[in-house]
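Novice: Predicted model, plus sequence, below.
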Amino acid sequence: MSDPQESRNLFSRILVDTITQDALQRSDEAQVNTVFSPASVQSCLTLAFMGASGSTAEELRNGLQLGPGDRHHIARAFGEFWRTNCNYGDNGPLLKSVNRLYVNDSLELHPEFNEVATDFFQSKAEAARFADSAGAAQQINSWVEQETDHKITNLLQSECVNDETSAILINALYFKGKWLKPFMPESTMLDLFQVDLDSTVNVNMMYQEDKFKYADLPGLQAQAVQLPYENSNIHMLILLPNRVCGLQELELKLKDVDLADIDAAVTLQDVEIFLPRLSIEYDVDLKKILNQIGISEVFSDCAKLDGLFTSKTGQKISAAKHRGYINVNEAGSEAAAVTFMKIVPMMLNMNKKLFKANHPFVFYIRSSQAVFFAGRFVNPKPGLEEEGSSRQSSNANIYNI
């Protein structure tokens with residue numbers, strides 16, 4: 001595979017399926033809400049690939065679906081992707097991806113790796129005194145908190161680093177967007193969310209009626225709707241099973257579904273949308289997940305990461321963590337003070353579609369080029385809803401080398 005867009009979307013499908021199935025296999029997580037960023041995970045590990053060689057490099061290439069291109073071709077493709085997709089909020093959603101490599105102050109980065117990291121991955125190297133584990137953890141956590149608008153805090157525990165730590169590789173991805181067609185707070189009412197056939201939970205259910213891209217998907221036994229963001233080609237895609245308990249069956253089928261096919265199926269229709277406010281934070285042990293998709297050597301004593309440092313001492317990644325955060329509400333603080341009135345013809349619309357997300361569903365924050373965030377909403381947790389933008393999400397990956 002040589003097309004970067006196909007690479008990103010295929011890796012997204014594999015990662016979403018692996019994380020979902022891993023959660024389902026643990027009974028304590030079968031009803032857990034999730035959110036994570038496939039684009040961020042792939043991008044960050046591709047930076048590690050730039051410093052790998054031999055069988056470690058080939059395993060990363062295959063596991064990350066990078067295709068046969070040479071390193072500079074792959075690096076340029078990632079650099080161009082983030083340059084064209086990142087938006088710092090001047091006109092449209094705020095989307096930023098930043099990498100930071102914290103290097104043990106006793107080591108020096110290999111000049112070629114440092115050049116690639118700086119030019120194509122917006123990655124800045126910063127010295128850290130890992131012998132002072134508490135100080136180093138605070139240094140890293142402060143940067144993560146700043147880059148994710150204080151949504152992700154205390155990511156790294158001090159016991160995770162010591163004077164033998166060579167480097168910490170971190171990616172932070174942050175997105176904040178306003179709906180193109182906002183929900184009005186006055187329309188939000190308490191409603192029941194059916195967790196399963198036997199239990200329900202009260203939620204703040206948002207509501208609106210407008211024209212949205214929508215499709216019935218009989219092959220998936222589900223409905224699809226796209227909620228676009230203002231001044232952007234990014235949207236939230238929500239897939240709602242037809243049956244209350246149909247989520248796991250849908251998730252199994254999605255492993256083999258290209259989301260571009262759903263893009264082709266949706267058409268602009270009159271839709272009544274009921275969507276719960278939601279707020280999710282989710283931690284993933286990426287080392288375990290990556291092992292399941294065939295990336296394991298980089299974590300072993302056989303790892304070949306000789307392109308990272310000028311030192312000839314062998315290196316490996318000892319830990320990989322990922323934390324995602326998402327908050328969805330009506331319109332955002334800026335729009336809350338705006339009076340909005342909508343006039344529509346007074347007529348009976350027999351073709352109006354009903355999309356009521358009152359039972360478990362999956363969602364994606366995406367464009368045609370990549371899945372920036374993916375997750376599932378299964379079990380509302382009272383008290384976690386927050387005021388803020390209509391859509392905020394952030395994530396951080398952390399790799400201990």
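Specialist: That came through, no problem.

Novice: Can you mark which positions in stretch 216-224 are buried?
Specialist: 217, 220, 222, 223, 224 (16 or more other CB atoms under 10 Å). C-beta coordinates here come from the backbone N, C-alpha and C atoms, glycine included.

Novice: which stretches of the chain form helices?
Specialist: Using DSSP state H, the helices of the chain run over 4-25, 38-49, 54-63, 71-85, 111-120, 133-147, 247-254, 259-265, 286-292.

Novice: what mean pLDDT would you report for stretch 271-283?
Specialist: Stretch 271-283 shows a mean pLDDT of 90.

Novice: Can you list the buried residues in it?
Specialist: Neighbour counts using 16+ other CB under 10 Å place 271, 273, 274, 275, 276, 277, 278, 279, 280, 281, 282 of stretch 271-283 among the buried residues.

Novice: circling back: any chance of a markdown table for the buried residues of stretch 216-224, columns distance to residue 124?
Specialist: Below are the buried residues of stretch 216-224 laid out as a markdown table (distance: CB to CB, whole Å):
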| residue | distance to residue 124 |
| --- | --- |
| 217 | 43 |
| 220 | 43 |
| 222 | 43 |
| 223 | 44 |
| 224 | 40 |
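
Novice: Taking those residues together, which two end up most distant?
Specialist: Distances among the buried residues of stretch 216-224 were taken as CB to CB; the most separated pair is 220 and 223, at 9.0 Å.

Novice: low-scoring stretches of this structure, by residue?
Specialist: 1-2, 27-30, 88-90, 331-350, 382-391, 398-399 (pLDDT under 70).

Novice: In strands, which of the buried residues of stretch 271-283 fall?
Specialist: 271, 273, 274, 275, 276, 278, 279, 280, 281, 282 (DSSP state E).

Novice: My guess is the last one contacts residue 323. True?
Specialist: Yes. When contacts are counted by CB atoms under 8 Å, residue 282 is listed as touching residue 323 (7.0 Å).

Novice: tell me which of the buried residues of stretch 271-283 is nearest to residue 119?
Specialist: Among the buried residues of stretch 271-283, and counting by CB to CB, the member closest to residue 119 is residue 282, at 32.1 Å.

Novice: Identify the bridge partners of that closest one.
Specialist: residue 324 (DSSP bridges).

Novice: Sketch out the strands for the stretch 101-250 of the chain, chain order is fine.
Specialist: When assigned using DSSP state E, counting those that start in this stretch, the strands of the stretch 101-250 of the chain occupy the ranges 123-128, 167-177, 189-194, 200-217, 222-228, 235-241.

Novice: quick one, domains of the chain?
Specialist: Per automatic domain parsing, the structural domains of the chain span 4-177+280-326+395-400, 185-277+328-384.

Novice: Tell me which two in the buried residues of stretch 271-283 are the farthest apart.
Specialist: Across these, the longest distance by CB to CB is 29.3 Å; it joins 271 and 281.

Novice: Is residue 205 bridged to anything, and to what?
Specialist: Beta-bridge partners, per DSSP bridges, of residue 205: residue 189, residue 276.

Novice: My guess is it contacts residue 190. True?
Specialist: Yes. Residue 205 lies in contact with residue 190 (CB under 8 Å); the separation is 7.1 Å.

Novice: Neighbour count for the two, which is higher?
Specialist: residue 205 (20 against 8; other CB atoms under 10 Å).

Novice: which residues touch that one?
Specialist: Residues near residue 205 by CB atoms under 8 Å, 6 or more residues apart in numbering: 188, 189, 190, 191, 193, 274, 275, 276, 358.

Novice: Quick check: the gap between the fifth one and residue 257.
Specialist: In this case it means residue 193. 25 Å (CB to CB, to the nearest Å).

Novice: How about the second one?
Specialist: In this structure, residue 189 and residue 257 are 33 Å apart, going by CB to CB.

Novice: More neighbours: which of these two?
Specialist: Using other CB under 10 Å as the criterion, residue 189 and residue 257 rank with residue 257 on top: 15 against 11.

Novice: what sits against the more buried one?
Specialist: Neighbour list for residue 257: 13, 220 [criterion: CB under 8 Å, 6+ apart].

Novice: got the phi/psi numbers for it?
Specialist: When quoted as degrees, to the nearest 10, the phi and psi of residue 257 stand at phi -110, psi 130.

Novice: thinking residue 156 is in contact with residue 141, fair?
Specialist: Yes. In this structure residue 156 lies within contact range of residue 141 using CB under 8 Å: 5.6 Å.

Novice: For the spatially closest residue to residue 231 that is not a sequence neighbour, grab phi and psi.
Specialist: Ranked by CB to CB, 6 or more residues apart in numbering and with sequence neighbours excluded, the top spatial neighbour of residue 231 is residue 92, at 3.4 Å. For residue 92, the backbone dihedrals are phi 120, psi -170 (criterion: degrees, to the nearest 10).
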